[in-house]
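Undergrad: I would like the atomic coordinates for the input below:
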Amino acid sequence: MLDLELLRSFVSVVDAGGFTRAGERVHRTQSTVSQQIKRLEDDVGQPLLNRNGKDVTPTEAGERLLSYARRLLALAEEARDVVARPESEGAVRLGVSEDFAAYRLAKLLATFARSRPGLRLDVRADQSTYLRRDIERGDLDLALLKRDAGEKGAIAVWPEKVHWVTSKTQPLDISSGSVPLIGFPAGCLYRARAIHALESAGRSWHMAYTSSGLAGIQAAVAAGLGLSILSDIAIQPGHRVLTAKEGFAPIDKTEVALMASPDASPATLRLADRLAEFCDSVEAKAA
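TA: Numbers count the residues shown, from 1 in each chain. Predicted structure coming up:
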């Protein structure tokens with residue numbers, strides 16, 4: 001029978017891409033995690049990880065085990081929650097930035113809500129500026145938001161690189177003249193970064209399309225209405241990433257931050273763990 005703690009360490013190492021960060025995630029030392037992986041490899045009789053310096057990737061056998069490990073851990077957690085939870089667990093107010101809300105996060109939240117029927121989950125997608133304001137004044141319990149890199153006060157952070165994008169099929173002449181911008185309303189971190197980058201390069205600009213929803217921005221870029229900056233997960237097949245040679249280098253001074261209220265409930269912290277695992281897996285795939 002496979003040990004769930006060993007499986008949890010194995011999944012954490014794969015998602016985090018290394019032993020040190022995985023140890024932080026499962027609250028174990030690096031050496032303990034390494035020993036647990038060795039025990040798991042002994043149990044299954046095959047190497048599960050390729051170790052190349054600090055980089056760790058699953059072997060073919062490790063990839064086969066990974067999906068089963070995730071399912072076993074999810075089922076074990078669901079069984080534990082069903083037995084242990086009180087009749088009512090109150091509510092968790094979660095705020096997420098728009099691009100994460102449009103990504104696979106909805107499926108994760110639905111699974112979490114189904115596993116805890118005594119918990120009321122209140123989710124709001126909004127600009128990161130407003131999410132940060134609301135968690136600081138106590139109107140949210142948990143927030144997954146974008147912010148300037150290096151700021152303090154978060155459970156976990158992930159570096160983010162955003163790219164200038166244009167239409168793949170409706171090219172624009174951006175060699176000179178005013179650059180048509182597509183973005184969220186004033187107050188958006190990406191909008192501010194785009195404007196700063198253009199003005200620092202001595203380029204003039206004007207807002208060609210403003211939308212409060214990510215889908216509108218993505219559609220406007222694909223249609224050729226202007227340029228925008230988007231994170232890796234928000235770039236679509238109808239977009240073309242501009243390069244530094246074209247005068248539009250990636251912007252890498254932002255990060256994704258997971259923030260919780262000081263008096264976060266156990267249910268809030270459990271959801272925070274799930275969100276952290278999700279972001280670890282997204283970063284590992286982007287690496």
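
Undergrad: Now do G138 against P262, distance only.
TA: Distance, G138 to P262, by Cβ to Cβ, to the nearest Å: 9 Å. (Glycine included, C-beta is placed from N, CA and C.)

Undergrad: Same check on A69?
TA: Distance from A69 to P262, counting by Cβ to Cβ: 34 Å.

Undergrad: So which of those two has more stuff around it?
TA: A69 (22 against 5; other Cβ atoms under 10 Å).

Undergrad: and the more buried one, what element?
TA: According to DSSP states H and E, A69 maps onto helix 60-84.

Undergrad: In that helix, which residues are buried?
TA: Residues of helix 60-84 classed as buried by neighbour count (16 or more other Cβ atoms under 10 Å): 62, 65-66, 69-70, 72-73, 77, 81.

Undergrad: who touches the helix or strand just after it?
TA: Remark: after helix 60-84, the chain's next helix or strand is strand 90-97, criterion DSSP H and E. Contacts to strand 90-97, defined as Cβ atoms under 8 Å, 6 or more residues apart in numbering, come from residues 105, 109, 119-128, 130-131, 134-135, 139-146, 256, 265, 267-268, 271.

Undergrad: Okay, strands next: where are they in the chain?
TA: Secondary structure of the chain by DSSP state E: the strands cover 49-52, 55-58, 90-97, 119-126, 142-148, 156-167, 179-183, 205-210, 228-231, 239-241, 251-260.

Undergrad: Report the strands that pair with the fifth one, each with its relative direction.
TA: It stands for strand 142-148. Under the criterion DSSP bridges, strand 142-148 sits next to strand 90-97 (parallel), strand 251-260 (antiparallel) in its sheet.

Undergrad: Relative to C188, which of the ones you listed is closest?
TA: Closest of the strands paired with strand 142-148 to C188 is strand 90-97, at 9.7 Å (criterion: Cβ to Cβ).

Undergrad: How far away from the center of its chain is that closest one?
TA: With Cα atoms, centre = their mean, to the nearest Å as the basis, strand 90-97 stands 16 Å off its chain's centre.

Undergrad: rewinding a little: the helix holding A69: how far from the chain's middle?
TA: The chain centre lies 21 Å from the centre of helix 60-84; the measure is Cα atoms, centre = their mean.

Undergrad: Okay, now the unreliable bits of the stretch 51-200 of the chain?
TA: The stretch 51-200 of the chain contains residues with pLDDT under 70 at 82, 84-89, 101-104.

Undergrad: and with 80 instead?
TA: For the stretch 51-200 of the chain, applying pLDDT under 80 flags the ranges 53-55, 78, 80-89, 98-104.
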